[in-house]
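Engineer: pasted the sequence and its predicted model underneath.
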Amino acid sequence: MQAFAVNVGCFMHSYLRAIGYSGIQNRTDEEKLIRDVVEQSSQFRLASLNEKTAFVENSKECTEFVGVTVRGELEMSLDIQGEKFHAEHYFPYLYGNCISLQDRIYVSKKVDTDAYHGMCEDSRVGVSLIFYLQNAVDYLKRDESAGMENLSVSLSALSLGGHILLPVAEQKQERDLIQRSGTKRAHLVAEAKKGNQEAIESLTMEDFDLYSMISERARTEDIYSIVDTTFIPYGTESDVYTVLARIEDYRYVTNRETGEELCLLQLCCNNLQFDLCINREDLWGEPDVGRRFRGTIWLQGRVDFV
């Protein structure tokens, strides 16, 4: 591409720090990063909008599965030297390593940017799960006749701050019982959505019993010794959550561009698995398998539209 233009709004992306770009403090540094991603991209994806314009995603890794994606429009030409790319939007990303869920996915585009959100109903977290869609080009190129049912989603998240907590003391039998109860509750929620009155009544009674138990124990115990994991929407952003999740695996990696150390955590929250990336400087405590992570996250997702 011979011509290149940057038009990404007025503010730097706040989650650049999460993947090791804490040194970017002004628009000049930001534009240099965007230019580097476009000119040295390790992934290039394109979806034609019309005969002369295409929607483009350029991605560049700074370490395995972690990097920056720049989106924009490409003015196509028969002469490659005459092509012009307009960078409209960019975001840091972490690609998830596991399939978190399979469900019907609803996708919507933000009004002011080339950003897309995915949404699904997941009974395990108790709320409509909204995430930032990483692979918008795949969505635009999908076969519309195939529908959006039963699609696989790999969830991941970035965080600007978190704490490591000790695990809840429980026996293996208790954990197995909790897992079976979670499976039973998911089935009841699915039936309740269909209008099953018995399922609705069972869920109502379970909620009353749970509220009574927590209220009683909270008089003498710390709340984090009662509640094992939580997944709660945070603030006005639809894809930001406060989570308390168990650590199933972790490792440290280094941003090749900046040398900053990152911590990659594999988390499980309400039987929902996802990966998380956080700057080592922003993580309080030492992670270990079985311990818990508490913090605010920006949830992302990669959908297998094929």
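Structural biologist: Done, it's in.
Engineer: roughly how far is stretch 21-33 from the heart of the chain?
Structural biologist: Distance, stretch centre to chain centre, for stretch 21-33: 23 Å (CA atoms, centre = their mean, to the nearest Å).
Engineer: I should have written stretch 235-255 there, sorry.
Structural biologist: A distance of 8 Å separates the centroid of the chain from that of stretch 235-255, by CA atoms, centre = their mean.
Engineer: list the buried residues for it?
Structural biologist: For stretch 235-255, the neighbour count (16 or more other CB atoms under 10 Å) marks 238-241, 243-247, 250, 253, 255 as buried. Every C-beta, even on glycine, is put in place using the N, C-alpha and C of the backbone.
Engineer: which among the residues you listed gets closest to K84?
Structural biologist: N255 (30.4 Å; CB to CB).
Engineer: now for the spatially closest residue to the closest one that is not a sequence neighbour: which residues touch it?
Structural biologist: With sequence-adjacent residues excluded and distances taken as CB to CB, 6 or more residues apart in numbering, N255 is closest to G20, at 3.1 Å. By CB atoms under 8 Å, 6 or more residues apart in numbering, G20 lies in contact with 62-63, 66, 254-255, 257-258, 260-262, 279.
Engineer: CA atoms only: put the one helix or strand L203 maps to into CSV for me.
Structural biologist: When elements are assigned from DSSP states H and E, L203 belongs to helix 197-217. Provided in CSV are the C-alpha atoms of helix 197-217 (Å, rounded to 0.1, in the frame of the first residue of the first chain):
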residue,chain,number,x,y,z
GLN,A,197,-43.7,-23.2,35.5
GLU,A,198,-42.2,-26.0,37.6
ALA,A,199,-38.7,-24.9,36.6
ILE,A,200,-39.5,-21.3,37.4
GLU,A,201,-40.8,-22.2,40.9
SER,A,202,-37.7,-24.4,41.6
LEU,A,203,-35.4,-21.5,40.6
THR,A,204,-37.3,-19.1,42.8
MET,A,205,-37.1,-21.4,45.8
GLU,A,206,-33.4,-22.0,45.2
ASP,A,207,-32.8,-18.3,45.1
PHE,A,208,-34.6,-17.8,48.4
ASP,A,209,-32.6,-20.6,50.1
LEU,A,210,-29.3,-19.2,48.7
TYR,A,211,-30.1,-15.7,49.9
SER,A,212,-31.0,-17.0,53.4
MET,A,213,-27.8,-19.0,53.6
ILE,A,214,-25.5,-16.2,52.6
SER,A,215,-27.3,-13.7,54.9
GLU,A,216,-26.7,-16.0,57.8
ARG,A,217,-23.1,-16.8,57.1
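Engineer: any low-confidence regions in the stretch 1-150 of the chain?
Structural biologist: Where the stretch 1-150 of the chain drops to pLDDT under 70, the residues are 1-12, 77-82.
Engineer: got a list of contacts for stretch 41-59?
Structural biologist: Under the contact criterion CB under 8 Å, 6+ apart, stretch 41-59 has outside partners 37-38, 60-61, 67-76, 85, 93, 114, 135-138, 140-141.
Engineer: just the ones of the residues you listed in helices?
Structural biologist: Using DSSP state H, 37-38, 136-138, 140 are the members of the contacts of stretch 41-59 that sit in helices.
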